[in-house]
Structure formats: structure tokens, C-alpha cells
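# Pasted the sequence and its predicted model underneath.
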Amino acid sequence: MPLLIGSRNRERAEQVASAHGHAEGVIIDPHADDLGLGDRSIAAVAVLYTDERLASLRYAHARGIPHLGISTGLYEVAPEIAIHMQRPDAAAVVLGYEWLVGATTVATLTAAKAYARVDSIRIGALVDEEDWGGPAVAEDFERFASVTSTVLARRDGAFVWRKGDDAAFTFRAIDGTELMASGFSSIDIAGLAAVTGAADVEFGIGTGVSSSRRAGGTKSTEIIIELSGIDEAGKPLRSRHAVFHPGGAAPLTALGIGMVLERLAGLDGKPPTSSGLFFPYQVVDHANYLERLAQEGGQLMTLQSA
């Protein structure tokens, strides 16, 4: 399928496009109703930076084209949902703001299959200090930090806003190293609470040296997932898991984006996703996701409980 790579910099867009077959670099005009694309036939749209004007969503929604956004903060979703609510039958809209576009939720829901009841979910994302990405990522985190000083969590069945010392916690990396994390208002919290019914859900990001680099290798990305609840026999159960990708955060994010776009446009041989409002974990096939993760050298690991 032909791919249009839009950018604020034509030279950079064309450079990226030249490395791929059937790709073309284009400049997107957020002030134009057609984004500057004219009457091109588009199967799906993914916006990978913060689009304050919601230009890409308005473009896609007006034309009945599926849309995926990945950079909106939890507290910023209302304008996007409002657009969808005006014509909920227009096309699929995916709120792709989960950490690394589905990596956390797909893995957590897979691990949660061993539970009859999930009571607690604690997630710690380790970002290698050499793996913070480019200017768009920096802009997102700067905006998140400036807008709110509190972070979302679920405690004892209630959604609460934490701040200061109450927003911090520790978790252990894949190799057992203890890390300090800062609470993060990831939309994963809302989605996982809704699916599992867990009374306690919290999410934090820790920056440091990834387990692979500490072992003498290159940087990687890892997400630690701690679950507790009741098993099928009614006995207490605790488990600890990790999502690992040897390439870092960017290729793991790209895996989620690619699989969501395939599903939205029906590029996997199945009918395109019907209209509606979705999280990534509701769109992609979980088993297929984990297979593709393994093909890239990553994995969902079961770790020794702390």
C-alpha cells in the first residue's frame, strides 16, 4: 500500500520516505480543510505528534476515514471525543495514548487471563536515559508537566489525583534493580480498570539504565507489570511480568501504530474496523501482537515475584 509521510519539514519527510517502498514525503497544512492533500484517496490516518488544532482528526472524521492519535494527554481527550460524538457512525477513532500504543495493555490483559479476579495492577515503565526520542516527545512531556502537578490513579475503587510524595513509587527492572518512578497519568489506567475491574491501578515512569545496557549491551525499553488478585481456585495470586523490546521505545511504539493502521484499513485481509471509539487493545489481535513482538526480538516475560 502507498504510504504518505507528512512532516513539518519536507526534506526530512522525503528522507524518511526514500527509505521505504511506495512512500512519499509530504508537507501537511493544518490550516487547510484537506490538510493540503487535495482529493487523494486515504485509507487511514495516524498523527504522531500533538495536534492542537485537531486538524487531522477533523479531516478524517469529515471524510469517514479511520484515525489514530498517540500524543494526547489524558486530560486533553474531551475535544477529540466531542468530535467523534457528533457523528459516531462516521469512522473508527482510536485513542492511542496508551503507553507505547498498546504494549502495556495487551501484555497486562494477556497476563491477567490467569486470574479469576484482578485486585491490583502496578505498572512501571523504564525509559533508558539514552532513549528519550526526538523533539516531539520532549514537547509532549514538557506540556504534560506544565499543565498538571497531579497524576491519576485508582485506589480502593475510586479514581483519585495524587501529588508530591504520594505520586511516587518504586519498581524493579527485569534484572532486579530497584528504580524510582514518578506517577504518570496514562490512559492505560482508565482502560485497564474498566476491563479488569481492578480496584487499585497505578502507573509510573522511571528513567535510568535499562537492564540490557546494564549487562553491557545496547539500550532497550521495558515495562514492568505487577498483578495481584484471586486465581480460578479462589486462592490469592501474585505475578510479575515484563514487556521487553531490544530496540527501545520507538520501534515498540511503531509496532502498535502499524498494527492499528493495518486493522483500521483492513490490510490484514479482514474487513476494516467498523465505526466507533476504541483503545488500541480493542483493535489489534493480542496473540498476533505478541507474535510480531517476538519476531522483532522482544517478548512478554514472566518474572520472579518481588
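Nice, thanks for sending it over. Numbering: from 1, shown residues only.
# how many other residues sit next to V283?
Close neighbours of V283, defined as other CB atoms under 10 Å, add up to 22. Any C-beta I mention is one placed from the backbone N, CA and C, and that applies to glycine too.
# which residue packs closest to it, ignoring adjacent ones?
R263 (4.9 Å; CB to CB, 6 or more residues apart in numbering).
# Could you point out the helix or strand that follows the helix or strand in which that neighbour is found?
Under the criterion of DSSP states H and E, R263 resides in helix 249-265. As assigned by DSSP H and E, the chain's next helix or strand after helix 249-265 is strand 276-278.
# Break down this structure into its helices, ranges please.
Ranges of helices in the chain, per DSSP state H, are 10-18, 55-63, 78-86, 103-111, 135-147, 188-196, 211-214, 249-265, 280-283, 286-295.
# Return the member of the ones you listed having the minimum mean pLDDT.
Per-stretch mean pLDDT for the helices of the chain is lowest at helix 135-147 (a mean of 71).
# tell me the domain ranges of this structure?
3-98+253-284, 103-248+287-303 (automatic domain parsing).
# Backbone dihedrals for S220, please?
Backbone dihedrals for S220, given as degrees, to the nearest 10, come out at phi -140, psi 180.
# before we move on, back to that, the residue nearest to V283 against G269, yeah?
No: when contacts are counted by CB atoms under 8 Å, R263 is not listed as touching G269 (10.8 Å).
# who's more crowded, these two?
Neighbour count, other CB under 10 Å: between R263 and G269, R263 has more, with 26 against 6.
# Distance check, that one against G96.
12 Å (CB to CB, to the nearest Å).
# So what does the residue minimising distance to the centre of the chain look like in phi/psi?
By CA atoms, centre = their mean, the chain has its centre lying nearest to V101, at 2.2 Å. Main-chain dihedrals, V101, degrees, to the nearest 10: phi 50, psi 60.
# any idea what sits nearest it, other than its immediate chain neighbours?
Leaving aside its chain neighbours, V101 sits nearest to G256 (3.0 Å; criterion: CB to CB, 6+ apart).
# Would you confirm that the one you found contacts T105?
No: contact criterion CB under 8 Å: G256 and T105 do not qualify, at 9.7 Å.
# Mutual contacts of these two, please.
Here G256 and T105 share the contacting residues E98, P280, scored by CB atoms under 8 Å, 6 or more residues apart in numbering.
# that older thread, with respect to R172, which of the helices of the chain lies nearest?
Closest approach to R172 among these is made by helix 211-214 (9.9 Å; CB to CB).
# Identify the bridge partners of the nearest residue to L252 once chain neighbours are set aside.
Nearest in space to L252, with sequence neighbours left out and distances taken as CB to CB, 6+ apart, is H245 at 4.1 Å. Taking DSSP bridges, one obtains T221 as the residues bridged to H245.
# who touches H245 in this structure?
Applying CB under 8 Å, 6+ apart to H245 gives the contacts A103, S220, T221, E222, P251, L252, L255, L293, E296, G297, G298.
# Please repeat the previous calculation with a cut-off of 7 Å.
S220, T221, P251, L252, E296, G298 (CB atoms under 7 Å, 6 or more residues apart in numbering).
# and what of V118?
Residues near V118 by CB under 7 Å, 6+ apart: A112, T196, G197, A198, L227, G229.
# repeat for P251
H245, E296.
# go on, the one 10 residues further on?
Applying CB under 7 Å, 6+ apart, we find L261 in contact with A44, A46, L68.
# Adding distance to R155, write those residues out as CSV.
As requested, these are exported to CSV (distance: CB to CB, whole Å):
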residue, distance to R155
A44, 37
A46, 34
L68, 31
